[in-house]
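Colleague: Mind looking at a prediction? Sequence and model below.
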Amino acid sequence: MVRRRRQSSSQPMYGWALAPNGRPVPIAMAERGAHGYICPICDGPMIAKKGNINQHHYAHENISNCTPEEVAHAIAGKWLVLSLGTLMVLREPAYVSWTVNSDTFSANILLDVTSIVENMQTDLGRADITLLRRDGSIRCIIVLDIERTMDTHTLARFTGYGIPVVILPADAFRSGNINLGSLLDMAEVQGGWWLLGQPEDLPDLELNPDVIRQALGEAVTYPPYRFWGPLTKMGMRENILRVNNYLLWLPENMWQLAVGGAHHKLSDDLDIVIQEWSQPDGGAIALYYVDLKGNKAVAVRRFLPGEHVHASLSAGFWTRRTKAEEIAYHLAMD
Ligand SMILES: [Zn+2]
């Protein structure tokens, strides 16, 4: 490794050091004023400076050229693996939370996890930390990005394949002024977050875009090949569509993720997203997401092979309607 040299005379502030037993310790968990810490890069002695004025940090006791980034990069990931591994062995949870469309979700990333691997070369690329289930499947990956070297293409590959990706706050992590709980509290979740878990207040809520697509398609498998329904509120959650035995969670960004389609703004109050799925039999399924001033409904209609795919979007109809469900009914039945 090529070490970057610093000419600056100011003392760099390090967030991380090794304890005498070789274990990585973030400065937040170091003993104030204690000596005996060791730099993982140069093996030099470090001291924990936890005064009242400066941000808490470690300092080299002798002159050194190690950068805070390389010190953190060398051992912070190992600390995270050890910390999560301890919880895993004790069967204790590690929660992350995330917000979609102002709804907050949380999940225990250690659920069903039996191994935690640093720098694993997966089929989709190298991951900083990979949490694996017993059968070898990936529950999620964790991105540390301490040196801001995360390759966005690799990240997109993981998220594109629906792997949940937990992204840690790089600056806070590098500073060492964290513990496991505060670090995970600040994490972002991207990719297949819906695979991490169900909301506790509504455990049957369907968040998986694949299942949402499947449920909407199944709704029009049999005659009369039409479905419509309002998005309702259950408990604290809004935008829920009941389809057969499913409760689909369909805020507009979820609809875009699962179904997609183009916006048609029919008036100041009325916006309809329309998607069309070609079917293997030559027919098509038309899907409508109706938003009338925040009152929402969904319509699905299957057109058989040879039927003309159409929707009645004439202005005269909309102006008299006050409920999205009426408009959805019209689109499904017309
Ligand atoms: Zn050093």
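Modeller: It's in. Numbers count the residues shown, from 1 in each chain.
Colleague: which parts of the chain sit against the ion?
Modeller: Within the chain, the residues that sit near the ion (C-beta under 5 Å from the ion) are 39, 41-42, 44, 64, 66. Heads up, the C-betas are built off the backbone N, CA and C, glycines and all.
Colleague: now the residues you listed: which count as buried?
Modeller: Neighbour counting over these (16 or more other C-beta atoms under 10 Å) leaves 39, 41-42, 64, 66 as the buried ones.
Colleague: follow-up on the earlier one: can you add pLDDT and secondary structure and give the residues of the chain next to the ion back as CSV?
Modeller: Converted to CSV, the residues of the chain next to the ion look like this (pLDDT from 0 to 100; DSSP: H, G, I helix; E, B strand; the rest coil):
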residue, pLDDT, secondary structure
C39, 97, coil
I41, 97, coil
C42, 96, coil
G44, 96, coil
S64, 91, coil
C66, 95, coil
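Colleague: after the worst-scoring helix or strand of the chain on mean pLDDT, next one along is what?
Modeller: Among the helical and strand segments of the chain, the one scoring lowest on mean pLDDT, DSSP states H and E is helix 315-318, with a mean of 68. Next along the chain after helix 315-318, taking DSSP states H and E as the criterion, comes helix 324-333.
Colleague: May I ask which helix or strand encompasses S83?
Modeller: helix 68-90.
Colleague: mind saving the C-alpha coords of that helix as CSV?
Modeller: Only the C-alpha atoms of helix 68-90 are listed here, as CSV (Å, rounded to 0.1, in the frame of the first residue of the first chain):
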residue,chain,number,x,y,z
PRO,A,68,-7.3,9.2,9.6
GLU,A,69,-8.9,7.6,6.5
GLU,A,70,-6.4,4.8,6.1
VAL,A,71,-6.5,4.1,9.9
ALA,A,72,-10.3,3.9,9.8
HIS,A,73,-10.3,1.9,6.6
ALA,A,74,-7.9,-0.6,8.1
ILE,A,75,-10.0,-1.5,11.1
ALA,A,76,-13.5,0.0,11.3
GLY,A,77,-15.0,-2.7,9.1
LYS,A,78,-13.4,-5.4,11.3
TRP,A,79,-14.9,-3.7,14.3
LEU,A,80,-18.3,-3.7,12.7
VAL,A,81,-18.0,-7.4,11.8
LEU,A,82,-17.0,-8.3,15.4
SER,A,83,-19.8,-6.1,16.9
LEU,A,84,-22.5,-7.6,14.6
GLY,A,85,-21.0,-11.1,15.1
THR,A,86,-21.3,-10.7,18.9
LEU,A,87,-25.0,-9.8,18.5
MET,A,88,-25.5,-12.7,16.1
VAL,A,89,-24.0,-15.2,18.5
LEU,A,90,-26.1,-13.8,21.4
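Colleague: I'd like the numbering to begin with 367 instead of 1 from here.
Modeller: Okay, using 367 as the starting number, the last item reads as helix 434-456.
Colleague: tell me the average confidence for it?
Modeller: Average pLDDT, helix 434-456: 96.
Colleague: Okay, now the unreliable bits of the stretch 517-666 of the chain?
Modeller: For the stretch 517-666 of the chain, no stretch is flagged by pLDDT under 70.
Colleague: quick one, helices of it?
Modeller: Applying DSSP state H, counting those that start in this stretch to the stretch 517-666 of the chain gives helices spanning 518-526, 536-541, 546-551, 575-584, 618-624.
Colleague: May I see these arranged in TSV, with distance to I504 and mean neighbour count as well?
Modeller: TSV is the format used below for those (distance: least, C-beta to C-beta, whole Å; neighbours: other C-beta atoms under 10 Å):
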stretch	distance to I504	mean neighbour count
helix 518-526	9	15
helix 536-541	21	19
helix 546-551	18	16
helix 575-584	17	18
helix 618-624	20	18
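Colleague: ok, now which ones touch M379?
Modeller: 420-421, 423-425, 434, 541 (C-beta atoms under 8 Å, 6 or more residues apart in numbering).
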